[in-house]
Structure formats: C-alpha cells, structure tokens
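K.L.:
please find the sequence and the predicted model below.
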Amino acid sequence: MRYPFWRVGVFIAAMVWPLWWFYQAFEGLLGPDPGKVLVDRLGLGALVLLLITLSMTPLQRLTGWAGWIAVRRQVGLWCFAYVVLHLCSYMAFILGFDWSQLGVELRKRPYIIVGTLGFLGLLALAVTSNRYSQRRLGVRWKKLHRLVYVILGLGLLHMLWIVRADLKEWALYAFMGGLLLMFRLPPVARRIPRLLGKRRVLQEKRN
C-alpha cells in the first residue's frame with residue numbers, strides 16, 4: 001500500500017471529529033439543543049468532505065503528488081459515513097424515531113427531500129467505489145461517478161434552504177464548489193499541466 005502514514009493520518013482526522021461532536025452532545029456541551037447542533041455539524045462536515053474529495057484531482061495536477069489520489073476514495077467514503085451519521089442523528093434527536101412525524105417534517109421542510117436525493121446518490125457511489133465495480137461497469141463507472149457533481153449541487157441547495165437568513169457561509173462553500181467544478185472543465189484541466197510545465201522550464205532557466 002502506497003503512502004500508509006498519509007492514509008492513516010487521513011483516517012484518524014476524519015474519525016476524530018464525529019467522535020468529538022458526539023462526546024460534546026452527550027456531555028451537554030453543545031448548548032440547549034445539542035441534537036440539532038450535532039445534526040448540523042455532521043451535515044456541514046459531509047459537505048466539506050465532498051469538497052475535499054473533489055479537490056484531490058486538481059491538487060494532484062497542480063502539485064504532481066500522487067498522494068492526493070491515493071486517499072480520494074477514502075475521503076469520499078468518509079463523506080458518505082458523515083451523511084449516514086447526519087441522517088441517523090436527525091432521526092434520533094429531531095424525530096425521536098417517531099416515524100409518524102416524518103410526513104409532517106417533509107411538508108414543513110421540503111429540503112429534507114433534496115438531502116435524501118443527495119444521500120441516495122452518495123449511496124450509489126459508495127457501493128460502486130470498489131475495484132470490482134470498476135471492472136464490471138467499465139466505461140459506465142466514470143459516467144456513474146459523475147453524479148458527484150449533481151450531489152454537490154443537491155448538498156448546496158439543501159444547505160441554502162436551511163441557512164436562508166445567513167448566506168455568507170453558504171456563499172463561501174458555493175464559491176469553492178464552483179471553483180472546483182471549473183477545474184474539472186476539459187479546457188481548464190488541459191491547460192493546467194501546460195502552465196505548470198512552462199513554470200518549471202522558467203525556474204530551471206533561472207537556476
């Protein structure tokens with residue numbers, strides 16, 4: 001396995017945050033409504049991890065270091081894990097496992113439907129993230145995993161619907177998402193290696 005310490009470091013970093021948040025919630029350190037704070041933090045954490053996952057390819061192209069790609073799948077699976085915890089926390093702390101309230105919540109808060117669609121998309125990507133699925137699906141695997149762009153849009157819409165009163169933080173994540181998607185455009189993706197190559201040549205001449 002390449003980059004073992006890097007992989008372990010990413011694993012520990014991704015695992016520590018939800019453990020710390022759950023500890024804070026059960027110790028009463030998240031204010032008067034710890035369940036809601038926990039749900040919000042897990043949801044935001046999932047969005048951040050999704051953005052980090054999308055940043056791996058641009059970072060690899062910019063730096064030439066293959067370590068970014070080595071942990072891309074792991075970070076993507078952690079994103080899915082955070083979403084599962086986000087959903088479970090919502091059911092436990094907001095609904096209290098009272099399924100009769102789910103219909104009421106869906107009518108009052110339709111952004112839950114948007115979030116559910118994003119979860120189903122991530123579920124499809126997580127289930128097919130292994131090498132066996134890559135071999136079985138062939139070229140269709142890449143097409144399927146382009147769903148990540150749709151999922152990012154759903155995640156941002158889900159967040160926008162929740163934080164309508166304060167758009168500053170949402171605008172930051174939306175800007176980062178737009179920037180990462182721009183790096184994925186074929187003309188931009190092809191231009192980056194050329195620019196980096198020219199920069200290296202200039203540096204070599206100066207040296």
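P.N.:
Happy to help now that I have it.
K.L.:
grab the longest helix from the protein for me.
P.N.:
helix 34-63 (DSSP state H).
K.L.:
off-centre distance for that one?
P.N.:
4 Å (CA atoms, centre = their mean, to the nearest Å).
K.L.:
contacts for whichever helix or strand comes after that helix next, please.
P.N.:
Once helix 34-63 ends, the next helix or strand along the chain (criterion: DSSP states H and E) is helix 67-70. Here helix 67-70 makes contact (CB atoms under 8 Å, 6 or more residues apart in numbering) with 2-3, 6-7, 56-57, 59-60. Backbone N, C-alpha and C define where each C-beta goes, glycine included.
K.L.:
can you give me the buried ones in helix 67-70?
P.N.:
67-68, 70 (16 or more other CB atoms under 10 Å).
K.L.:
repeat that for stretch 60-67.
P.N.:
In stretch 60-67, counting by 16+ other CB under 10 Å, buried: 60, 67.
K.L.:
isn't Leu137 up against Asn130?
P.N.:
No: counting by CB atoms under 8 Å, Leu137 does not reach Asn130; the two are 10.7 Å apart.
K.L.:
what is the neighbour count of Gly178?
P.N.:
By other CB atoms under 10 Å, 11 other residues sit near Gly178.
K.L.:
how near is it to Leu85?
P.N.:
Noted for Gly178: a distance of 27 Å to Leu85, by CB to CB, to the nearest Å.
K.L.:
so for Leu137 and Asn130, which sits in the more crowded spot?
P.N.:
Leu137 (14 against 11).
K.L.:
next secondary structure element downstream of the stretch of helix or strand Leu106 belongs to?
P.N.:
Leu106 is part of helix 100-108, with elements assigned from DSSP H and E. Heading C-terminal from helix 100-108, the first helix or strand you meet, by DSSP H and E, is helix 111-127.
K.L.:
and the helix or strand immediately after that next one in the chain, what does it pack onto?
P.N.:
Counting by DSSP H and E, the next helix or strand C-terminal to helix 111-127 is helix 131-137. Under the contact criterion of 3 or more CB pairs under 8 Å, 6 or more residues apart in numbering; DSSP states H and E, helix 131-137 touches helix 139-145.
K.L.:
from the middle of its chain, how far away would the next helix or strand after the helix it packs on be?
P.N.:
Using DSSP H and E, the helix or strand that directly follows helix 139-145 along the chain is helix 147-162. The chain centroid and the centroid of helix 147-162 are separated by 10 Å under CA atoms, centre = their mean.
K.L.:
buried residues, helix 147-162. List them.
P.N.:
Applying 16+ other CB under 10 Å to helix 147-162 flags 147-148, 151-152, 154-160, 162 as buried.
K.L.:
just stretch 107-118 next, same as before
P.N.:
Going by 16+ other CB under 10 Å, stretch 107-118 has these buried residues: 111-112, 114-115, 117-118.
K.L.:
now that stretch - C-alpha only, PDB.
P.N.:
C-alpha atoms of stretch 107-118 as PDB (Å, rounded to 0.1, in the frame of the first residue of the first chain):
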ATOM      1  CA  ARG A 107     -44.400  19.000   4.300                       C
ATOM      2  CA  LYS A 108     -42.800  21.700   6.600                       C
ATOM      3  CA  ARG A 109     -39.200  21.200   5.400                       C
ATOM      4  CA  PRO A 110     -39.000  20.000   1.800                       C
ATOM      5  CA  TYR A 111     -35.200  20.500   1.800                       C
ATOM      6  CA  ILE A 112     -35.200  17.000   3.500                       C
ATOM      7  CA  ILE A 113     -36.300  15.500   0.200                       C
ATOM      8  CA  VAL A 114     -33.300  17.300  -1.500                       C
ATOM      9  CA  GLY A 115     -31.000  15.900   1.200                       C
ATOM     10  CA  THR A 116     -32.400  12.400   0.700                       C
ATOM     11  CA  LEU A 117     -31.700  12.500  -3.000                       C
ATOM     12  CA  GLY A 118     -28.100  13.500  -2.300                       C
END
